[in-house]
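*Asks:* Coordinates only, no sequence provided:
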């Protein structure tokens, strides 16, 4: 048997994406495009509001802006290519293009869980140690936690992507998904992947299960403290500050659990693609809505920005009118 050649820039993979007739492909294109635009618009709005509105300069919204940045990055690394595939029917992607997609996916997947864990700690301190909140959740600590989430995600992505880059792919180049995911690329390898299975299990424990356990542990303490509050209104007010984060955690982990812990089967490939779509598109699209609905701080900040914008436009018009008169 001939030796399998090393990977090169000329090597290509085929992203199979969704199988559908031309009319169905156009419907997929329109649907994915709308969800992508909503995702970008919603998350960029959150990032902008947190940056410009002084009322949102708190640890909770600082972590929320980082979560929105993760969502924008993850969707933008894979969805534009999917849109091109459905529009042109050109399923090819270069070897290095595939590695770039994989790198950003690993960076964002790791960063996502760590930022959500940071947000859970923030809510724990706010509910369980309210008098010490601003002393504990200092700007320095928040910056350190956010930077650590991105740095650990980047290191994890760099290590795994570097290891993937030296794997030989000889038997097939068809990735049965809409982006270059880790499991999809490993399934094409002709070598022994037993060590990779151990690595993936380790990854799932460190960056998936452990953050989830820490998040749930924080909510055990949060709920136990909320139940000690005698006032019903006080309990509802305290829990309302956590419900958005809890919904986001559920939205992120449910597709992941179904995607990575179900049995492999040829009949589930389409389901894998749909679950990946849920994780990479639907959840990032819903996150801004989850944090915006019934959130007075977000709506008040948005109103303040609109008022400031109108005021600026009025002043600009007046200045231009005076300039024209002179």
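*Replies:* Looks like it arrived, so ask away. Predicted, not measured: the structure shown is a model, and the values here were computed from it.
*Asks:* From here on, just use CA atoms for contacts and neighbour counts.
*Replies:* Noted.
*Asks:* And the pLDDT at residue 325?
*Replies:* For residue 325, the pLDDT comes out at 59.
*Asks:* Any regions of the stretch 51-200 of the chain where pLDDT drops low?
*Replies:* Along the stretch 51-200 of the chain, segments meeting pLDDT under 70 span 170-172, 191-193.
*Asks:* same thing but 90
*Replies:* 52-56, 85-98, 130, 161-200 (pLDDT under 90).
*Asks:* Okay, now the unreliable bits of the stretch 201-326 of the chain?
*Replies:* 201-208, 227-245, 251-281, 288-326.
*Asks:* Could I get the full set of helices for it?
*Replies:* 210-227, 232-260, 269-277, 283-292, 296-325 (DSSP state H, counting those that start in this stretch).
*Asks:* Flag every buried residue along the second one.
*Replies:* Of the residues in helix 232-260, those scored as buried under the neighbour-count criterion (16 or more other CA atoms under 10 Å) are 235, 238-239, 241-242, 244-246, 248-249, 251-253, 255-256, 259.
*Asks:* do the same with the third one
*Replies:* Going by neighbour count (16+ other CA under 10 Å), the buried part of helix 269-277 is 272, 273, 274, 275, 276, 277.
*Asks:* Follow the chain on from whichever helix in the chain runs longest and name the next helix or strand.
*Replies:* As assigned by DSSP state H, the longest helix anywhere in the chain is helix 95-128. Per DSSP states H and E, helix 95-128 leads on to helix 133-136 as the next helix or strand towards the C-terminus.
*Asks:* Other residues contacting that following helix?
*Replies:* Here helix 133-136 makes contact (CA atoms under 8 Å, 6 or more residues apart in numbering) with 125, 126.
*Asks:* Determine how far that helix lies from the middle of the whole chain.
*Replies:* 27 Å (CA atoms, centre = their mean, to the nearest Å).
*Asks:* how big is the angle separating the following helix or strand past that helix from helix 95-128?
*Replies:* Following helix 133-136 in sequence order, the next helix or strand is helix 139-164 (DSSP H and E). Between helix 139-164 and helix 95-128, the angle comes out at 150 degrees (axes from the mean of the first three to the mean of the last three CA atoms, to 10 degrees).
*Asks:* so what strands line up beside the very next helix or strand once past helix 139-164?
*Replies:* Scanning forward in sequence from helix 139-164 by DSSP H and E, the next helix or strand is strand 174-175. Sheet pairing of strand 174-175 (DSSP bridges) gives strand 12-15 (parallel).
*Asks:* who's in contact with residue 79?
*Replies:* Neighbour list for residue 79: 32, 36 [criterion: CA under 8 Å, 6+ apart].
*Asks:* I'd like to know how far the spatially most central residue of the chain sits from residue 240.
*Replies:* The residue lying closest to the centre of the chain (CA atoms, centre = their mean) is residue 71, at 3.5 Å. Counting by CA to CA, to the nearest Å, the separation of residue 71 from residue 240 is 23 Å.
*Asks:* what's the answer for residue 139, then?
*Replies:* If you go by CA to CA, the gap between residue 139 and residue 240 works out to 24 Å.
*Asks:* How much space separates the nearest residue to residue 208 once chain neighbours are set aside from residue 203?
*Replies:* Nearest residue to residue 208, sequence neighbours excluded (CA to CA, 6 or more residues apart in numbering): residue 113, at 6.8 Å. Distance, residue 113 to residue 203, by CA to CA: 12 Å.
*Asks:* Repeat that for residue 41.
*Replies:* 32 Å.
*Asks:* do the same with residue 163
*Replies:* According to CA to CA, residue 163 stands 14 Å off from residue 203.
*Asks:* cool, and residue 273?
*Replies:* Computed as CA to CA, the residue 273 to residue 203 distance reads 21 Å.
*Asks:* likewise residue 150?
*Replies:* 16 Å.
*Asks:* Which positions within stretch 166-177 qualify as buried?
*Replies:* Here stretch 166-177 shows 167, 168, 169, 173, 174, 175, 176, 177 as buried, counting by 16+ other CA under 10 Å.
*Asks:* related to what we said a few turns ago, ok, residue 163 and residue 203, which is more surrounded?
*Replies:* A count of neighbours by other CA atoms under 10 Å puts residue 203 above the other of residue 163 and residue 203, at 15 against 11.
*Asks:* residues contacting the more buried one?
*Replies:* So residue 203 contacts nothing (CA under 8 Å, 6+ apart).
*Asks:* what distance separates stretch 194-201 from the centre of its chain?
*Replies:* A distance of 24 Å separates the centroid of the chain from that of stretch 194-201, by CA atoms, centre = their mean.
*Asks:* try stretch 142-154
*Replies:* 15 Å.
*Asks:* What residues sit buried inside it?
*Replies:* 142, 145, 146, 149, 150, 152, 153, 154.
*Asks:* same check, this time on stretch 45-64
*Replies:* Within stretch 45-64, the residues that count as buried by 16+ other CA under 10 Å are 45-47, 49-50, 53, 56, 58-64.
*Asks:* what does stretch 83-102 give?
*Replies:* For stretch 83-102, the neighbour count (16+ other CA under 10 Å) marks 83, 85-86, 91-93, 95-96, 98-102 as buried.
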